[in-house]
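Novice: build me a structure from this.
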Amino acid sequence: MLSLEILNLSHNELSGSIPNTFNQMLSLTSVDISYNQLEGPLPSNKDFRELQQRHLQIIKACVATSLGAFGSVYRAKLQSGQVVAVKKLQALENDDGVASLKTLTSEVQALTDVRHRNIVRLLGFCLHPRHAFLVYEFMERGSLEKMPGNDEAATQFGWIERVNVIKGIVNALAYLHHDCSPPIIHRDISSKNILLDSEHEAILSNFGIARLLEARLIQLDLICRHHFFGSHPGDFITFLSTSTSSSSTAHHSLLKDVLDQRLSQPMNEVAEDVVFMMKLALACLLSSPQSRPTIQQASQQLSDQKQPLPEGIHTITFGQLSDLM
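Specialist: Here you go, the predicted model:
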């Protein structure tokens, strides 16, 4: 008599409770019910218990890569040989359980139907009173937050790569805000939540506090300043905000003097991109929200052809950037 050993129901848009008939399927050795809207406890038969145990063994065997407010992220190797990132949340049964559940729910809700080259791909998740975790594709170069502090890595992270990081994240945000229905607002754009793959392609991650609603441009100015200047600029936001005043120090400061000095100056088309992105970052600091560009406008402008620089980047002041907005 034939028996079912492998069951793949993924990507079928199924909804409702996980069928209790799984308890009767004693011959199953492989089950995939990912990318559906099923909910409820996993079946309690032997095969599902062993499946849970294998997942828990994966977590125990992997290496922690970062720590967060609601859990830790690990690098794990599956039995298939695939390397993944596993975010293990705080146990739902302790005092942080409510926050962990909200984090998991927000992230799954935001990422289930999202498909964009610059947004992390959610491969699956498990909700269990003791071990709630999410599984993502693994990014070889880790978080962008670590890049500025590493001189060797920073020098390999050239102007072209830095420009492409800005473009990639802006395009990802434009997709979330304007191509998703309802719009998805990330709410935590920072370098620690931007990952880099092996080709320095930027990948937006950590949707734990994301919300489904409308919003305007988010923190493009922070991303530009962090990666063009080589470190988190801190009080430099105040410096930039005063650049529109002709009597301020910032107004007469040269752009080249505040760029990352570990790299040679950007040239030609890359220099044009850097200048335009800094103009766009200044536009994000305008006091009137209505005067700031939307992320869709920023994405479109970044894809347009830039005007050639008349004298090169070495002569441009922040005052000139403000005048060109």
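Novice: all helices of the stretch 151-300 of the chain, in order?
Specialist: Assigned by DSSP state H, counting those that start in this stretch, the stretch 151-300 of the chain shows helices spanning 151-156, 159-174, 220-229, 236-241, 249-252, 268-283, 295-303.
Novice: ok, which of the ones you listed comes nearest Thr317?
Specialist: Proximity to Thr317 (Cβ to Cβ) singles out helix 249-252 among these, at 5.7 Å. In this view, the C-beta of every residue, glycine as well, is placed from N, C-alpha and C.
Novice: how is the chain divided into domains?
Specialist: Following automatic domain parsing, one finds the domains of the chain at 6-137, 144-323.
Novice: quick one, which of the helices of the stretch 151-300 of the chain is nearest to Thr105?
Specialist: Thr105 lies closest to helix 159-174 among the helices of the stretch 151-300 of the chain, at 21.3 Å (Cβ to Cβ).
Novice: quick one: mean pLDDT over that closest one.
Specialist: On average, the pLDDT along helix 159-174 is 93.
Novice: other SSEs contacting it?
Specialist: Helices and strands touching helix 159-174, by 3 or more Cβ pairs under 8 Å, 6 or more residues apart in numbering; DSSP states H and E, are strand 194-196, strand 202-204, helix 220-229, helix 268-283, helix 295-303.
Novice: residues touching Ser291, list them.
Specialist: Contacts for Ser291 (Cβ atoms under 8 Å, 6 or more residues apart in numbering) come out as Ala283.
Novice: pretty sure Cys284 sits against Gln297.
Specialist: No: using Cβ atoms under 8 Å, Cys284 is not in contact with Gln297, being 11.0 Å away.
Novice: who has more neighbours, those two?
Specialist: Cys284 (21 against 15; other Cβ atoms under 10 Å).
Novice: okay, now the unreliable bits of the stretch 151-300 of the chain?
Specialist: Scanning the stretch 151-300 of the chain for pLDDT under 70 picks out 212-250.
Novice: most tightly packed of the domains of the chain?
Specialist: domain 144-323 (a mean of 17; mean count of other Cβ atoms under 10 Å).
Novice: that domain: how far from the chain's middle?
Specialist: Relative to the chain's own centre, domain 144-323 is displaced by 15 Å; criterion: Cα atoms, centre = their mean, to the nearest Å.
Novice: again with stretch 18-38
Specialist: 31 Å.
Novice: average pLDDT across that stretch?
Specialist: In this model, stretch 18-38 has an average pLDDT of 75.
Novice: format the CA atom coordinates belonging to that stretch as CSV.
Specialist: Written as CSV, here are the backbone C-alpha positions of stretch 18-38 (Å, rounded to 0.1, in the frame of the first residue of the first chain):
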residue,chain,number,x,y,z
ILE,A,18,-3.7,24.0,10.1
PRO,A,19,-5.7,20.8,9.4
ASN,A,20,-5.8,18.4,12.3
THR,A,21,-5.9,15.6,9.7
PHE,A,22,-2.1,16.0,9.7
ASN,A,23,-2.1,14.0,12.9
GLN,A,24,-3.2,10.9,10.9
MET,A,25,-0.5,11.2,8.3
LEU,A,26,2.0,9.0,10.1
SER,A,27,4.3,8.3,7.1
LEU,A,28,5.3,12.0,6.4
THR,A,29,9.0,12.7,6.4
SER,A,30,8.9,16.2,4.7
VAL,A,31,6.3,18.9,5.0
ASP,A,32,6.3,22.4,3.5
ILE,A,33,3.3,24.6,4.2
SER,A,34,5.1,27.9,3.8
TYR,A,35,3.8,31.1,2.0
ASN,A,36,0.2,30.4,3.0
GLN,A,37,-2.0,32.1,5.6
LEU,A,38,-2.5,29.0,7.8
